[in-house]
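S.K.: Sequence unavailable; structure follows:
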């Protein structure tokens, strides 16, 4: 049958792209809440857990090939300047050193707008050259034998300074990527503010946060003739393949990218990285496989970060809390590059308000580039918006939860389209109930004691619809085992398990007989990057279609063997039953009779519904204890209620919620890249000095899902859920601290010295 | 020197500054032990040395002559999992899995030292092992569950 194609819009991490997509061969009836499902929705154990608890799971840094060489990177010691000489000859003469890679070897590769090994220095730890040796230790030692001289030029590492008229120019075009701020506006905010009974203005600051994935960026590259194979810790095998093919002038079919396991991504691993290009180029130059893995300092300083922001917020409201205007004036520190993930969007989406205007100024400076980091933009924006909403609630003497309830958005106001489904009110209701919000709010904080308790909350939204294109193949082997093949990635999210559950559900197979194969561009059909919480909602429907096609073939084959018609058959728990008789066959027996006649189903992801916003929602509640003498904040508990449509696997989904909340706690309390502004040098590029939460920091977490299958969004009813839990955590904690101390909180992380500086009402 | 890893003896002549982590990963190809920070800050490289948990990135191989090292590869295999491994699977106490080998060895050492830990004991005992995915709540549950399953003196 000829394929049909349509043009549609797909949203990823807040960016909407127009794409041509294929219409799937079939469009199954959506699984509504009344669908009888036996495997989807079950707490199936994570399917790659055995490999992970035994140490068998092989990550990129564990790949070892015969003759493989290792790489150390020479990095810039200053924030801005010029390499005036670079002489590796002494290093190359050392035993075990096999070669060097400089800008002359790779003249045309650019990342974040900076040429790889550019001899103009744009930030501290910018790669300047690579040394390749028999062991990583020899390579690292050889770095010291490279003779280099550098001419230092004035740098700028704060957004405030970068925006001044006489600041050093970070890029030839200037210190902002746009000639003017990015403005989004609806209604008339001046009129809205005139209508307001009350208006508050506050300024909020959020830090530069580091992904700190435990597995750093890295790649292993091997050439065989004209074929290049890359093992990479990546969220996007196909993006990586595209980047590498382009850089080396290769046809896509000559590049194979493999990602089986990876030690976290959180947004920073969405295409070829420095390590990928360097490994591939050195492997080509030296004719041997090469492994290039960033060291921890490289990972913490030159592998992406969440932009620091300042957000000046004004909210106007009627006495009853009805919002009349919201304005945001934000400055976003990009570093040397990245994309424009601003905080504004959530200001336009979360609450019903006719007049909203935002202005975002993105700023280049001489630091490492930003990269997507779990809900980029919205995490930063939610902090400003949700703290401001609490400030407004205090001004109005209204319960902050009540203020939010009264301003619930009924539709996507920016694009004037309905939501596919929305259960935020239920998140408020059930979250508040499980938290005991009313009781906690009613108890007057004790402003006399040293240890103060407080409660706070925040709401969240995140575009979570996923979308095309995504493809899957379902194969049934002669013993009845089933393989789900798709070029998606499992970052630790549980995608392997969730996709297997969908296939098992459709086929009526035992889940133990289904295996998902991911992460190989050569062997698998396309699926997009695993980013933007899209994998389940994007790839899940393609798997369902593929499994339905396979099931139809299976039933065709079985009908003949069982002397009935295909539509008389149904399958469950590995058995095919006739509805009209007692006839019954195991899937495995049908396949065994078929022998090597293989049943194969193909599936693709159809377009999203027209003119519909597909979003996840949530409400998060925090209780904290603040020591007014030491400034230490202890988060006692978090209650987190989420609407993400159908949940395919509650256990894995809850793990995602807890993980997002814990990262949000780090953002609220500890995490902050610190720079020496005089030198532009990162001061905390280690895991000791850049604090991520430990097991001892984790409060009681009650994270759960409300709501229903979203049958408008896609035919599995599932929406994304990995990013939402990080969005509201920091503002909920900050609002709880504000409640405990009786003062406004304007900046995170809430380190002890910052808390002490807040003072406390007494 | 002689290094006994997961019961197998190895005759080695590592340079005096070589860490146990490097020996395990690069010399013996036991890649279950992970390098993350390389300076004793994260616990991903945790192994047992004569039954006691150590950061292998801070341990010199030369100091381990004739000593017993247990890595994740020596803990338990499919069909014969250690109760801690089984509990980690059952409670979904892992996501990306990169810190998991270190977490499991730290938990085994903790339970050997304190067979009946309280929740606070677990938090304290496991606080040297970082997890960026945020599996901590489930790690606490898994370690407590494993404690119930490990027979006394087991």
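M.R.: Structure's in. What do you need? Quantities reported herein were computed from a predicted structural model and do not represent experimental measurements.
S.K.: By proximity to chain A, which residue of chain B wins?
M.R.: Of all residues in chain B, residue B:32 sits closest to chain A, at 2.1 Å by Cβ to the nearest Cβ. Quick note: C-beta positions are derived from backbone N, CA and C, even for glycine.
S.K.: and residue 30, what does it touch?
M.R.: Here I'm looking at chain A. Neighbouring residues of residue A:30 by Cβ atoms under 8 Å, 6 or more residues apart in numbering or on different chains: A:709, A:711, A:712, A:714, A:715, A:716, A:717.
S.K.: not quite, I wanted chain B
M.R.: Counted by Cβ under 8 Å, 6+ apart, residue B:30 has contacts A:55, B:5, B:6, B:24, B:71, B:73.
S.K.: What is the neighbour count of the nearest residue to it once chain neighbours are set aside?
M.R.: Spatial nearest neighbour of residue B:30, chain neighbours left out: residue B:24 (4.5 Å); criterion: Cβ to Cβ, 6 or more residues apart in numbering or on different chains. The number of residues packed near residue B:24 is 24, by other Cβ atoms under 10 Å in any protein chain shown.
S.K.: Just the buried ones among the contacts of residue A:30, please.
M.R.: A:709, A:711, A:712, A:714, A:715, A:716, A:717 (16 or more other Cβ atoms under 10 Å in any protein chain shown).
S.K.: of the residues you listed, closest to residue A:247?
M.R.: residue A:714 (34.9 Å; Cβ to Cβ).
S.K.: Please look at that closest one and residue A:464 and confirm they touch.
M.R.: No - with contact defined as Cβ atoms under 8 Å, residue A:714 does not count as touching residue A:464 (10.9 Å).
S.K.: quick check, stretch A:194-214 touching chain B?
M.R.: Yes - counting by Cβ under 8 Å from any Cβ of the partner chain, chain B has neighbours in stretch A:194-214: A:211, A:212, A:213, A:214.
S.K.: from these, which ones fall inside strands?
M.R.: In strands, judged by DSSP state E, none of these are found.
S.K.: ok, which pair from those is furthest apart?
M.R.: Every pair of those checked by Cβ to Cβ; the farthest is A:211 and A:214, at 10.1 Å.
S.K.: Neighbours of the closest residue to chain B within chain A, how many?
M.R.: Here chain A gets closest to chain B at one residue, residue A:55, 2.1 Å apart by Cβ to the nearest Cβ. The local packing of residue A:55 (other Cβ under 10 Å) involves 24 other residues.
S.K.: so who does it touch?
M.R.: B:30, B:31, B:32, B:33, B:71, B:72, B:73, B:75, B:101.
S.K.: Same check on residue A:189?
M.R.: Neighbouring residues of residue A:189 by Cβ under 8 Å, 6+ apart: A:325, A:326, A:327, A:355, A:356, A:357.
S.K.: what about the helices in chain B?
M.R.: All helices of chain B, identified by DSSP state H, fall at B:20-22, B:83-90, B:100-113, B:119-125, B:136-149.
S.K.: what comes up buried for the shortest one?
M.R.: Of the residues in helix B:20-22, those buried by neighbour count under the rule 16+ other Cβ under 10 Å are B:20, B:21, B:22.
S.K.: what helices or strands is that helix leaning on?
M.R.: Applying 3 or more Cβ pairs under 8 Å, 6 or more residues apart in numbering or on different chains; DSSP states H and E, we find helix B:20-22 packed against no helix or strand.
S.K.: For residue A:205, identify the helix or strand it belongs to.
M.R.: Secondary-structure assignment from DSSP states H and E places residue A:205 in strand A:198-206.
S.K.: picking up where we left off before, can you give me the distance of the residue nearest to residue B:30 to residue A:137?
M.R.: 15 Å (Cβ to Cβ, to the nearest Å).
S.K.: Same question for residue A:695.
M.R.: Taking Cβ to Cβ as the measure, residue A:695 falls 32 Å from residue A:137.
S.K.: and the two? which has more neighbours close in?
M.R.: residue A:695 (24 against 18).
S.K.: how's chain B carved up into domains?
M.R.: Following the assignment in automatic domain parsing, chain B carries domains at B:2-74, B:83-149.
S.K.: what's near enough to touch the residue nearest to residue B:30?
M.R.: B:5, B:30, B:33, B:47, B:56, B:69, B:71.
S.K.: Keep only those of the residues you listed that are in strands.
M.R.: Per DSSP E, the subset of the contacts of residue B:24 in strands is B:5, B:47, B:69.
S.K.: Cross-check the contact I'm expecting between the second one and residue B:68.
M.R.: Meaning residue B:47. No - with contacts counted by Cβ under 8 Å, residue B:47 stays clear of residue B:68, the gap being 10.3 Å.
S.K.: In contact with residue A:93: list those residues for me.
M.R.: So residue A:93 contacts nothing (Cβ under 8 Å, 6+ apart).
S.K.: quick one: it and residue A:146, what's the gap?
M.R.: 11 Å.
S.K.: does residue A:328 sit in a helix or strand, and which one?
M.R.: Residue A:328 belongs to strand A:323-335, assigned by DSSP H and E.
S.K.: one step back: compare residue B:47 and residue B:68 and say which is more crowded by neighbours.
M.R.: Higher neighbour count among residue B:47 and residue B:68: residue B:47, with 29 against 15, using other Cβ under 10 Å.
S.K.: Tell me which residues touch that one, please.
M.R.: B:20, B:24, B:33, B:53, B:54, B:56, B:69, B:70, B:71, B:105.
S.K.: I'd like to know which of these is nearest to residue A:270.
M.R.: residue B:33 (28.3 Å).
S.K.: So for the closest one, what pLDDT did the model give?
M.R.: On pLDDT, residue B:33 comes in at 98.
S.K.: I am assuming it contacts residue B:72, so please confirm or correct that.
M.R.: Yes - shown here, residue B:33 and residue B:72 form a contact pair, counting by Cβ under 8 Å, at 6.6 Å.
S.K.: Give me the common contacts of the two.
M.R.: Joint contacts of residue B:33 and residue B:72 (Cβ under 8 Å, 6+ apart) are A:55, B:101.
S.K.: more crowded one of the two?
M.R.: A count of neighbours by other Cβ under 10 Å puts residue B:72 above the other of residue B:33 and residue B:72, at 29 against 26.
S.K.: Show the pLDDT at that one.
M.R.: Value for residue B:72, per-residue pLDDT: 98.
S.K.: Ok, residue A:444 next?
M.R.: 70.
S.K.: Please report how far it lies from residue A:530.
M.R.: 47 Å.
S.K.: One more: residue B:109?
M.R.: Residue B:109 is 34 Å from residue A:530, by Cβ to Cβ.
S.K.: same check, this time on residue A:275
M.R.: To residue A:530, residue A:275 is 19 Å away according to Cβ to Cβ.
S.K.: next one: residue A:407
M.R.: From residue A:407 to residue A:530 the distance is 34 Å (Cβ to Cβ).
S.K.: Between these two, which is the more surrounded one?
M.R.: residue A:530 (29 against 18).
S.K.: Just confirm the more buried one is within a helix.
M.R.: No - judged by DSSP: H, G, I helix; E, B strand; the rest coil, residue A:530 forms no part of a helix; its state is coil.
S.K.: quick one: furthest residue from the center of chain A?
M.R.: residue A:563 (50.8 Å; Cα atoms, centre = their mean).
S.K.: quick one: contacts for that residue?
M.R.: By Cβ under 8 Å, 6+ apart, the contact set of residue A:563 is residue A:583.
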